[in-house]
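*Asks:* fold the following, please.
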Amino acid sequence: QVQLVESGGGLVQPGGSLRLSCTASIRTFSDYAMAWFRQVPGKEREFVGGISRTAYDTYYADSVKGRFTISRDNAKNTVYLQMNSLQPEDTAVYYCAAGAVIVTVPNYSYWGQGTQVTVSS
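*Replies:* Residues are numbered from 1 along each chain as shown. Okay, the predicted model is just below:
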């Protein structure tokens, strides 16, 4: 059974940074594209960024481009989301997802349970 476990969320002041991690219990992690989404209550789950199987390609939502960086370590079955210059509008539950290809809609095979990120002074 595939499990994705996120960590690294928390409370941070505006302008601060956080790094989220997502570790997967997948035998062949490198067979999967990985993505991060976020969701606030009452809104749809929103694409944040995605990374291809070999990390050759990365994609970002316009709202985070230049501030967030997604990376992966296939030897550790882990994908990361480095978030810099955080703003209150980045407050959300962040989810990692695994799928065949990167898509910007929440159509992925596997999902983590989410980790809360709160940006507030």
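*Asks:* so residue 107 touches residue 97, yeah?
*Replies:* No - applying CB atoms under 8 Å as the test, residue 107 and residue 97 come out as separate, 9.0 Å apart. To be clear about C-beta, it is placed using only N, CA and C from the backbone, and glycine gets the same treatment.
*Asks:* in the chain, which residue is closest to the centre?
*Replies:* By CA atoms, centre = their mean, the chain has its centre lying nearest to residue 36, at 2.6 Å.
*Asks:* residue 107 and residue 97: which is more packed in?
*Replies:* residue 97 (25 against 10; other CB atoms under 10 Å).
*Asks:* how about the contacts made by that one?
*Replies:* Going by CB atoms under 8 Å, 6 or more residues apart in numbering, residue 97 touches 4, 34-37, 106, 108-112.
*Asks:* mind listing the strands for the chain?
*Replies:* Taking DSSP state E to define them, one finds strands in the chain at 4-7, 10-12, 18-24, 33-39, 46-51, 58-60, 68-73, 78-83, 92-99, 110-111, 115-119.
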